[in-house]
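> Coordinates only, no sequence provided:
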């Protein structure tokens, strides 16, 4: 289940539509916060990032379940080239079986792939709802209250990548 406007309004105990724009704004902010904190897209979709160059396995910034990677770069002749046969294993982009191409000089590479949950885990939905409710009820505070922050972080922590 993904949190939508109707569910967010239930969380805020709002029965009218006069504040739909406000609640929609809080919902977008809450989803963005959870995605940024966990490094996971809450809904499946295309993501793009820039990477500095090829070096073994490239750690993907977004998850889960990355698929369909395409790397685009500009070669020495100024032509755009694509690598579409790289592989995603876990949270890493691995080179094609033929290896990464030799680029000569360092250059920016554009990586796009599909990532995100097919179905959002309930604890992440709960984190979004807690944030929406807190933003709505404490709109003048400018940030989530400490109690809400602690609860949201506890719900999200198991979805964060392990730092080694």
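On my side now, so go ahead. These figures come from a predicted structure and were not determined experimentally.
> use CA for all of it now, contacts and neighbours both
Noted.
> Could you report the pLDDT at the residue nearest in space to the middle of the chain?
Nearest residue to the geometric centre of the chain (CA atoms, centre = their mean): residue 41, 3.2 Å. In this model, residue 41 is scored at 95, pLDDT.
> what about the residue lying closest to it once chain neighbours are set aside, neighbour count?
Counting by CA to CA, 6 or more residues apart in numbering, residue 41 lies nearest to residue 116, which is 4.3 Å off, once chain neighbours are set aside. Applying other CA atoms under 10 Å, we find 22 residues neighbouring residue 116.
> which residues does the nearest residue to residue 160 once chain neighbours are set aside contact?
Spatial nearest neighbour of residue 160, excluding adjacent residues (CA to CA, 6+ apart): residue 38 at 4.4 Å. Going by CA atoms under 8 Å, 6 or more residues apart in numbering, residue 38 touches 156, 157, 159, 160, 161.
> run the last query once more with 7 Å
Neighbouring residues of residue 38 by CA atoms under 7 Å, 6 or more residues apart in numbering: 156, 159, 160.
> Tell me how far the residue lying closest to the second one once chain neighbours are set aside lies from residue 32.
Counting by CA to CA, 6+ apart, residue 38 is the residue found nearest to residue 159 once chain neighbours are left out, at 5.7 Å. The spacing between residue 38 and residue 32, counted by CA to CA, to the nearest Å, is 10 Å.
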